[in-house]
Each structure stands twice: as structure tokens, then as C-alpha cells.
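S.K.: build me a model from this:
(chains A and B, ligands or ions: 2)
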Amino acid sequence: MAKPENEITWRDLEVGIVVNEPGNASVYCTGDWRSQRPVYATERCIKCGTCYIYCPDMAIKILRDGYIEHDLYYCKGCGICAQECPTGAITMVEEEE
Amino acid sequence: MATRVGMEVSIAAAEAVKQANADIIAAYPITPQTHIVEHLSELVNDGELDAEFIPVESEHSAMSVCAGSSAAGARTFTCTSSQGLILMSEIVYAVASLRLPMLMILANRSLNSPLSIWNDHSDVMSVRDCGWIQVFMENGQEVYDHVFIGFRVAEDRNVIIPFMMNIDGFMLTHVIEPIGLLEQEVVDRYLPPFQPLYRLHPNNPVTMGAFGPPILFTEAKKAQDEAFNKTMPHIIKAWQEFGDLTGRYYHPIETYRTDEAKIVIITQGSLGETASIGIDMMREEKEPVGLVKIRLWRPFPFAELREAVKEAELVVVMDRAISYGGPGGPLAGEVRSALYPQESRPRVANFIIGLGGRDVAPEDFVQMVQQAKAQPGEWYEIYGVRE
Ligand code: SF4
Ligand code: SF4
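M.R.: Ligands and ions are numbered 1, 2, ... in the order given. Sure thing, here's the model as predicted:
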């Protein structure tokens, strides 16, 4: 979007609020919603990829060496990856910590 | 040129949808709308209309199919009644905000409970604020003509808003009337092919129906409201051009014998024809009564209404739905709002009549006018109830 959201007037909006710039949801920082953050312990990870499959926001990247990385720009902090990880390599901590 | 044929109004409506060359029809059968969709499904099956007829499993799905169909750029028609409208209402609101043009005929029927298949206006009043253009039809000719007018207005690049035709269940849907049919060539001249502003197409992807966070939602609603408030001149233009082609002119409201009328009755829909007979009876007795028929319900013709009743001292509004705990019927509420800014305004009496298929005869209008004259103040009353 050309303008920041808080400067968009009603006249700037397309008919029916159509978004004619496909895929622009990727700029939306869903990480803002998070109240808990996943913390990853590489030494416990067995590179099974379960967390990657379960993350509803595709906020987990599998690195070239098979370990993983959380993308905190998108991670909403739902805790599913921590719940599903078979080795307890992911734990959730309060955002303030 | 044009031929006049005796035809059931539902069949005439379906024939008009055929002549309008609709691409997609999605509907679920419900009394008293059935004859319209049955006939359309026959027309498609027999190859007389090159369209997809999608027999969905519910009205919620019917309107959802219509949303997708219009978004893909197809000329879209659906038809329902009563409980069907209520079931689809979630999507009825959505397609208006998404600015997806389509035509819906609502064969007006009361809402449960008690269960009633008969006619009143409680179904449409439940979606009064859904953001569709809404008209009330008085007779079969208006129904046939407004299929073309409705598609034309809805798809107009200056409008792009869905269009709803209210036709009284049974009172209109099931009666046989002489209908002046249009030559296909006239229809084609009046109604150009649908050219959507945006369409869902893989070559040019867009997102429709994205979410609106608090920082944008109010702007989105303002844009919708502004667009709706600009529709009136385009609706009037569509009526004017239809009249120029066919000789049948329509207006936001119609008046009957309102010259020097001190008392004006206001109706919507097929009741207007009955009321006009009542007016003739009263005029014979030198009662200065006239009739105003509201054809355009949304956007509401405030200025035209004020003009039509400017000589009246008493306005008697006929509603066919109740607004529980409200000011009376929904139409009376609108009439009072229209008159309120005026320095001197007529008194408004409001009757709620014809609920759930209860007959209203010309003599009833005479009696209601007598009662409205005799009973001072602003009030509403459900008429004809056994005490
Ligand atoms: S906490 Fe939820 S959103 Fe964040 S990475 Fe784990 S599964 Fe994905
Ligand atoms: S689920 Fe646990 S063990 Fe498996 S890849 Fe993810 S962090 Fe590693």
C-alpha cells in the first residue's frame, strides 16, 4: 500500500474495498498479536520438522542444516509448536520476559 | 412491436431473466417464489437460456454462489422468500459491501412464527439496512420491466450495488395479468453486457472480502454509504431511458388523485391497486383523498415524498410489517422522518394491515380514513383485529 494505514481516507479505497495488490497480507505484522514467545533449544532438536508442519502461520523456517528458526514477525504465539515438539525443544515464555 | 400476453407474473419474471441473458441462477425453492425458479430451471434445461442453473442445498448457499458468480463477472440472478431470505441474510449484507451487482426477486412472505406461507412485508424489512437498492412492485408489468431495469442499475459502473425487487407473494406471483413483452432487440439495446470493474481471474489476481481492521473499517463504511447515496440519479436515468424505449415510465413514487388532496394514503407494493379503488369510492363521496405509492424503498425518496404530500393535512401510512417496540411500521417511521424537517407538516396515522395474507379490500381504506380523521394524534394500530 502506498500510504500508511492511518493516512488512508475513504476516497482512497477501491470499490468494494478490493485489494488489487495480491499477497500484500505479507506486510501485516501478525507478531503484534503475541503475548507468549517460543524459545528454541537447538541442543534438544532432532530435526523432525513436526513444528514446521503444525505452525498455522508458517512462522517456522527449516534451515539448510535441518534445524529451525522462528520468524517472530509472523509468529502469533499460539504455542502449537511447543505443544507438538516431541523432545520439548520449544518452550513458551511470556513476551515481557 | 411489443406484444401483450396473458401470463402468470412469476412466468413473466422468469422470461425476463431469460431475455436479460443471465449467466448464473442459484436458488433454493420456497413458496411463493417457486414458479419463478422452476420456470428458469426448465428454460436452462431446454436450452432456451444459456446459463448455469445451480440447485443449491440452502439459501445461504444460493447467495454464496451468487457472490462468487458476480465476483467472476457473470450476470447473476436469485430469488427467495421469507425464511429463505433470513437464512441467506449473512451473505446478503456481504455482497452489498463487496459491491457485487446481482438481481434478486423477493416474493414477499411473512416470517415465522406462526408458520405462514402468505404475504406481508416482514421479510424484506428484516434486511432493510443491508445496502441493496430495493423497490416494491405494484403489478406484473412492473415486475417484468424491472428485471431489465434492475440488472441495468445494479451493473451500472456508477452504481455497482445489488438490486432487490419486492413482489407480493401470491398477490402478484401467482396471478395472471396481461404483460407487454419486449422484443429481444429492445432488451439488448437497453441492457448492455455486464462489464465488471473487478473480477476474480487468475491472470489479474485481486483480493475481495479482506478483513478491515479498526483503522480502516469506518473508512470502508463511509465509502459504501457515499456510493449508495449517489445512486438516485442513476436509478432515475435508468427508468427514464427505459421509458424512452418502451413508453413505460417509472418514478421513485407514483401519485394517484393527489391534486388538492387533504388526506393522502401511502402504500407499497400490490396494495396500491386496491387502495386506488378505495380512493375512487371516497372521491365519489367528495372526500379529498389521494394516494402515494412508494416504489423506491432504498434509497428512500425523501424529497419526492415531501413534494407529493405537500398539500395534505393528514397522511395515513399502510405498513405490512411490525417494528416491535418501535414507532409503528417501518414505512411510517420513514415517512415521519421525511416530514419532520418541515415547519408545518401533516399528521401521520399508521395502520398495520395485510399481515400473513389477510385480505385488504377497497372498503377497508374507506374505513381506515374515517378512523384516522376521527382519532387525533400520532399513533399506530394493527387494523382489523378481532377484539
Ligand atoms: S507459537 Fe504458534 S505461530 Fe508461533 S511459531 Fe509456534 S506454532 Fe507458529
Ligand atoms: S518439532 Fe521439535 S524436534 Fe522437531 S524440528 Fe521442531 S523443534 Fe526440532
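S.K.: contacting residues for B:Ile24?
M.R.: Shown in contact with B:Ile24 (CB atoms under 8 Å, 6 or more residues apart in numbering or on different chains): B:51-52, B:54, B:65-66, B:69, B:74-77. For glycine as for every other residue, the C-beta is placed from the backbone atoms N, C-alpha and C.
S.K.: ok, the residue of the stretch 251-387 of chain B found nearest ligand 1 to B:Arg109 distance?
M.R.: Nearest to ligand 1, among the residues of the stretch 251-387 of chain B, is B:Arg298, at 43.9 Å (CB to the nearest ligand atom). Separation of B:Arg298 from B:Arg109 (CB to CB, to the nearest Å) stands at 19 Å.
S.K.: how about the residue of the stretch 251-387 of chain B closest to ligand 1, what does it touch?
M.R.: When contacts are counted by CB under 8 Å, 6+ apart, B:Arg298 touches B:128, B:132-134, B:228.
S.K.: let me have these in TSV, extended by distance to B:Ala26 and secondary structure.
M.R.: Listed next are the contacts of B:Arg298 as TSV, based on distance: CB to CB, whole Å; DSSP: H, G, I helix; E, B strand; the rest coil:
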residue	distance to B:Ala26	secondary structure
B:Arg128	23	coil
B:Trp132	16	coil
B:Ile133	20	strand
B:Gln134	20	strand
B:Phe228	24	helix
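S.K.: and which of the contacts of B:Ile24 is nearest to ligand 1?
M.R.: Closest to ligand 1, out of all of the contacts of B:Ile24 and judged by CB to the nearest ligand atom, is B:Val65, at 33.9 Å.
S.K.: you'd agree the closest one is up against B:Ala26?
M.R.: Yes. Counting by CB atoms under 8 Å, B:Val65 touches B:Ala26, with 3.7 Å between them.
S.K.: and those two? Which one has more around it.
M.R.: Neighbours were counted for B:Val65 and for B:Ala26 using other CB atoms under 10 Å in any protein chain shown; B:Ala26 has more, 25 against 20.
S.K.: okay, that one: pLDDT?
M.R.: We have a pLDDT of 98 for B:Ala26.
S.K.: follow-up on the earlier one: among the contacts of B:Ile24, which are in helices?
M.R.: B:65-66, B:69 (DSSP state H).
S.K.: what is the neighbour count of residue 62?
M.R.: Since no chain was named, I'll use chain A. Neighbours of A:Ile62 using other CB under 10 Å come to 13.
S.K.: I was after chain B.
M.R.: Counted with other CB under 10 Å, residues neighbouring B:Ala62 total 26.
S.K.: looking at it, it is touching B:Ser89, isn't it?
M.R.: No. B:Ala62 lies out of contact with B:Ser89 (CB under 8 Å); the separation is 11.8 Å.
S.K.: can you pull the domain assignment for chain B?
M.R.: B:2-246, B:253-382 (automatic domain parsing).
S.K.: tell me where the chain has helices.
M.R.: Reading this off chain A. For chain A, helices defined by DSSP H occupy the ranges A:50-54, A:80-84.
S.K.: was after chain B, sorry
M.R.: All helices of chain B, identified by DSSP H, fall at B:9-19, B:34-45, B:59-71, B:82-97, B:122-125, B:140-155, B:184-190, B:214-229, B:232-246, B:271-284, B:302-308, B:330-339, B:362-374.
S.K.: now for the shortest one, which elements pack on it?
M.R.: Taking 3 or more CB pairs under 8 Å, 6 or more residues apart in numbering or on different chains; DSSP states H and E as the contact definition, the neighbouring helices and strands of helix B:122-125 are helix B:82-97, strand B:103-108.
S.K.: any idea how far the residue of chain A found nearest chain B is from A:Asn24?
M.R.: Chain A approaches chain B most closely through A:Gly16 (3.4 Å), counting by CB to the nearest CB. Noted for A:Gly16: a distance of 16 Å to A:Asn24, by CB to CB.
S.K.: cool, A:Thr50 as well?
M.R.: The spacing between A:Thr50 and A:Asn24, counted by CB to CB, is 31 Å.
S.K.: the two: who's more crowded?
M.R.: The neighbour comparison of A:Thr50 against A:Asn24 (other CB under 10 Å) goes to A:Thr50, with 17 against 12.
S.K.: distance to ligand 1 and mean pLDDT for the helices of chain A - can I get that in CSV?
M.R.: As requested, these are exported to CSV (distance: least, CB to the nearest ligand atom, whole Å; pLDDT from 0 to 100):
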stretch, distance to ligand 1, mean pLDDT
helix A:50-54, 6, 98
helix A:80-84, 3, 98
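S.K.: tabulate these in a markdown table, adding columns for distance to B:Val264.
M.R.: Shown next, in a markdown table, are those (distance: least, CB to CB, whole Å):
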| stretch | distance to B:Val264 |
| --- | --- |
| helix A:50-54 | 68 |
| helix A:80-84 | 66 |
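S.K.: and the residue lying closest to B:Asp168 once chain neighbours are set aside, what does it touch?
M.R.: Nearest residue to B:Asp168 in three dimensions, chain neighbours excluded: B:Ser270, at 4.3 Å (CB to CB, 6 or more residues apart in numbering or on different chains). The contact partners of B:Ser270, taken as CB under 8 Å, 6+ apart, are B:137-139, B:167-168, B:171-172.
S.K.: so which of those residues is the closest to ligand 1?
M.R.: Nearest to ligand 1 out of the contacts of B:Ser270 is B:Ile167 (CB to the nearest ligand atom; 51.6 Å).
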